[in-house]
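Visitor: Provided below for reference: sequence and predicted model.
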Amino acid sequence: MIPFDFEYYRPESLTEAVQTYETLISQSKTVLYYSGGTEFLTFSRVNQLYADAIIDLKGIPECNVLELQEDQLVIGSAVSLNNITESNLYPLLGQTVKKIADHTSRNKISIGGNLHSRLIYREAVLPLLVADATVKLTGNDGETVHPLKDLFNQELKINPGQFIVQINISKDYTTLPFVSLKKTKISKVGYPVVSIAALVKERQIRAALSGVCPYPFRSSEIESVLNNSSLTKEEKIEKAGTLLPSPIIEDIQASRDYREFVFKNTLLETLEALEAAQA
Amino acid sequence: MISNGTSKTVVKLHVNGETRDVMIRSADTLLETLREQLGLTGAKRACQNGDCGACTVLVNGEPMHACLSLSIETVNQPIMTIEGLRNSSIQQEFVDKWAIQCGYCTPGFILNCHALANKRPDADDETIEEWMQSNLCRCTGYQEIKEAVKSVLQNHKNDSAS
Ligand SMILES: Cc1cc2nc3c(=O)[nH]c(=O)nc-3n(C[C@H](O)[C@H](O)[C@H](O)COP(=O)(O)OP(=O)(O)OC[C@H]3O[C@@H](n4cnc5c(N)ncnc54)[C@H](O)[C@@H]3O)c2cc1C
Ligand code: FES
Ligand code: FES
């Protein structure tokens, strides 16, 4: 049982959502946006999260869009991970989010919720970082559009009261050769020891990783090593291991040494699979 | 805009084809409301964390963890619990294939399987595995459960063809 009471609001428009937030904040309430709600429910049940009010974004039409609009793929923030996979509109994203949680949970978990998760994994961000996605936010200052890489530095950095309305990806990225790999401790369902999403654009590999460091990342230094044709695959992998943005994590999923081993193997598998995908 | 304050409120839920009044807090999960207010104890409480699938129900025909939904979120949406599948052929197939030991996980498996048969009647082994990975069986009757699921899908296909 959730050990506190809160107010629930389900607005039907972006303006109504922002106004509701502003009204509640002016009453000194703690307010959270709510989409799939799985993180809010699991954290609040054990008293690790508190809100006086939640604003459910699922009733807002713009947050439920999932379609190609001219040369852009538009994904509403409240769209469930399963709907993204089933649409097959951006197969790298579809395959990556298909490895998050389990099928039933993915009917509820939203892409907006995953990008703004408190957990360190946020695996949906990987295919978006390599595709130079942009993000439409709304809040008290109105709607703004930003390159995802400007908002996502280890985690999503947005102002209080702002929320993601939509994510846009140029259609060109949706048909490129790609690889999505996730290695877990034992079962297929689980948090990643290593998760990688990679694609090839204009003969250049782009790759983003989760599970290795305490946050997901895309690294230009690692990519330039992976694209350095004077190095062997083994040299690329060795060098990439020295360029990680933080020390490798050690937790219940895997020790540091084991994670490093899995990271290197996964990178090798990625390079080989990308070669095959381009053949 | 649907809204609900911090005090208890009466709302209508559409469960197993009936409209039922329930008195809920905004903070009540669907699992709590089904079990404690409607006596629909087929949805089982276990991890309450989305990990085990014992609480699975169908919302709009999709399998959902009732522990990961607020009751207020499901207003105006059709909900099906295992009680909505009383005396159905799918139940008999689980019995016939010995896919039940202690039975705690069974309602979740059956509802998930029912949704799979309706949504993906041609599901291949990989899809069956992907869907069924959402449910854990502590008695480890996975082989029998898999056979029951396959038999349900096959019968569903035969019924649709005839
Ligand atoms: C069983 C299970 C297994 C999991 N396994 C994995 C895994 O393998 N890999 C992984 O990456 N994650 C995993 N997760 C974590 C999950 O992806 C995150 O907890 C995610 O936040 C849940 O999304 P939601 O839509 O349900 O969240 P919500 O609870 O609705 O929201 C989560 C956070 O995001 C904020 N938020 C929601 N929508 C928006 C928006 N539109 N704009 C801005 N902020 C918003 C909320 O305020 C809240 O702080 C798992 C979760 C579960 C329940
Ligand atoms: S009780 Fe809901 S998933 Fe375990
Ligand atoms: S039959 Fe006992 S938990 Fe599955």
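Guide: Okay, I see it. Ligands and ions are numbered 1, 2, ... in the order given.
Visitor: Return the residues of chain B in contact with ligand 3.
Guide: B:100-105, B:137-139, B:141 (Cβ under 6 Å from any ligand atom). From N, CA and C alone the C-beta is placed, and that goes for glycine too.
Visitor: so which of the residues you listed comes closest to A:P11?
Guide: In terms of Cβ to Cβ, no member of those lies closer to A:P11 than B:C105, at 37.6 Å.
Visitor: from what I can see the closest one touches B:G53, true?
Guide: Yes. Counting by Cβ atoms under 8 Å, B:C105 does reach B:G53; the two are 7.1 Å apart.
Visitor: These two - which one has more neighbours?
Guide: B:G53 (28 against 24; other Cβ atoms under 10 Å in any protein chain shown).
Visitor: I'd assumed that one was in a strand, is it?
Guide: No. Counting by DSSP: H, G, I helix; E, B strand; the rest coil, B:G53 is not part of a strand but coil.
Visitor: Chain neighbours aside, what residue packs nearest to it?
Guide: B:N135 (3.4 Å; Cβ to Cβ, 6 or more residues apart in numbering or on different chains).
Visitor: was I right about the one you found contacting B:C113?
Guide: No. Taking Cβ under 8 Å as the definition, B:N135 is not a contact partner of B:C113, at 9.1 Å.
Visitor: For whichever residue of the stretch 151-279 of chain A sits closest to chain B, give me its contacts.
Guide: Per Cβ to the nearest Cβ, A:V189 is where the stretch 151-279 of chain A lies closest to chain B, at 5.3 Å. Residues in contact with A:V189, defined by Cβ atoms under 8 Å, 6 or more residues apart in numbering or on different chains, are A:101-102, B:133-134.
Visitor: What's the separation between it and A:D102?
Guide: Distance of A:V189 to A:D102, given as Cβ to Cβ, to the nearest Å: 5 Å.
Visitor: thinking again about what came up before, pull out the buried residues from the residues of chain B next to ligand 3.
Guide: Among these, those scoring as buried are B:100, B:104-105, B:137, B:141 (criterion: 16 or more other Cβ atoms under 10 Å in any protein chain shown).
Visitor: Throw these into a markdown table and include secondary structure, distance to chain A and pLDDT, thanks.
Guide: Converted to a markdown table, these look like this (DSSP: H, G, I helix; E, B strand; the rest coil; distance: Cβ to the nearest Cβ, whole Å; pLDDT from 0 to 100):
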| residue | secondary structure | distance to chain A | pLDDT |
| --- | --- | --- | --- |
| B:I100 | coil | 20 | 95 |
| B:Y104 | coil | 17 | 97 |
| B:C105 | coil | 13 | 97 |
| B:C137 | coil | 13 | 96 |
| B:G141 | coil | 17 | 89 |
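Visitor: check the residues you listed against ligand 1, which are close?
Guide: Counting by Cβ under 6 Å from any ligand atom, no member of these is near ligand 1.
Visitor: which two in those are spaced the farthest apart?
Guide: B:Y104 and B:G141 (11.0 Å).
Visitor: same for the one helix or strand A:T20 maps to, what does it pack against?
Guide: Element membership for A:T20 (DSSP states H and E) is helix A:14-26. Judged by 3 or more Cβ pairs under 8 Å, 6 or more residues apart in numbering or on different chains; DSSP states H and E, the packing partners of helix A:14-26 are strand A:7-10, strand A:31-34, strand A:53-56, strand A:134-138.
Visitor: Tell me which of these sits most buried.
Guide: strand A:53-56 (a mean of 24; mean count of other Cβ atoms under 10 Å in any protein chain shown).
Visitor: Please compute how far that one lies from its chain's middle.
Guide: 22 Å (Cα atoms, centre = their mean, to the nearest Å).
Visitor: Relative to it, what are the paired strands and their orientations?
Guide: Note on strand A:53-56: by DSSP bridges, its sheet partners are strand A:7-10 (parallel), strand A:31-34 (parallel).
Visitor: So that strand, near ligand 1 or not?
Guide: No. Using Cβ under 6 Å from any ligand atom, strand A:53-56 never reaches ligand 1; the gap is at least 8.0 Å.
Visitor: So what touches the helix or strand just after that strand?
Guide: Proceeding N to C from strand A:53-56, the next assigned helix or strand is strand A:66-69, under DSSP H and E. With contacts defined as Cβ under 8 Å, 6+ apart, strand A:66-69 is touched by A:73-76, A:79, A:83-84, A:87, A:89, A:171.
Visitor: in the chain, which spans are helices?
Guide: Picked chain A for this. Remark: helices assigned in chain A by DSSP state H are A:14-26, A:38-45, A:81-87, A:91-97, A:103-106, A:111-115, A:125-130, A:148-151, A:220-226, A:233-242, A:256-278.
Visitor: sorry, should have said chain B
Guide: B:30-32, B:89-96, B:106-119, B:125-132, B:142-161.
Visitor: Now render those as CSV, adding mean neighbour count, distance to ligand 1 and mean pLDDT.
Guide: Shown next, in CSV, are those (neighbours: other Cβ atoms under 10 Å in any protein chain shown; distance: least, Cβ to the nearest ligand atom, whole Å; pLDDT from 0 to 100):
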stretch, mean neighbour count, distance to ligand 1, mean pLDDT
helix B:30-32, 24, 14, 98
helix B:89-96, 16, 25, 93
helix B:106-119, 23, 14, 96
helix B:125-132, 16, 14, 95
helix B:142-161, 16, 19, 90
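Visitor: between these, which one is nearest to B:T81?
Guide: Short answer: helix B:106-119, nearest of those by Cβ to Cβ, at 7.5 Å.
Visitor: May I have that closest one as PDB, with CA atoms only?
Guide: In PDB, the C-alpha atoms belonging to helix B:106-119 read as follows (Å, rounded to 0.1, in the frame of the first residue of the first chain):
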ATOM      1  CA  THR B 106      -2.000 -19.600 -12.500                       C
ATOM      2  CA  PRO B 107      -4.400 -16.700 -12.900                       C
ATOM      3  CA  GLY B 108      -1.600 -14.500 -14.100                       C
ATOM      4  CA  PHE B 109      -0.400 -17.000 -16.600                       C
ATOM      5  CA  ILE B 110      -3.900 -17.800 -17.900                       C
ATOM      6  CA  LEU B 111      -4.800 -14.100 -18.400                       C
ATOM      7  CA  ASN B 112      -1.500 -13.400 -20.200                       C
ATOM      8  CA  CYS B 113      -2.100 -16.500 -22.400                       C
ATOM      9  CA  HIS B 114      -5.700 -15.400 -23.100                       C
ATOM     10  CA  ALA B 115      -4.500 -12.000 -24.300                       C
ATOM     11  CA  LEU B 116      -1.700 -13.600 -26.400                       C
ATOM     12  CA  ALA B 117      -4.300 -15.900 -28.100                       C
ATOM     13  CA  ASN B 118      -6.500 -12.900 -28.900                       C
ATOM     14  CA  LYS B 119      -3.800 -10.500 -30.000                       C
END
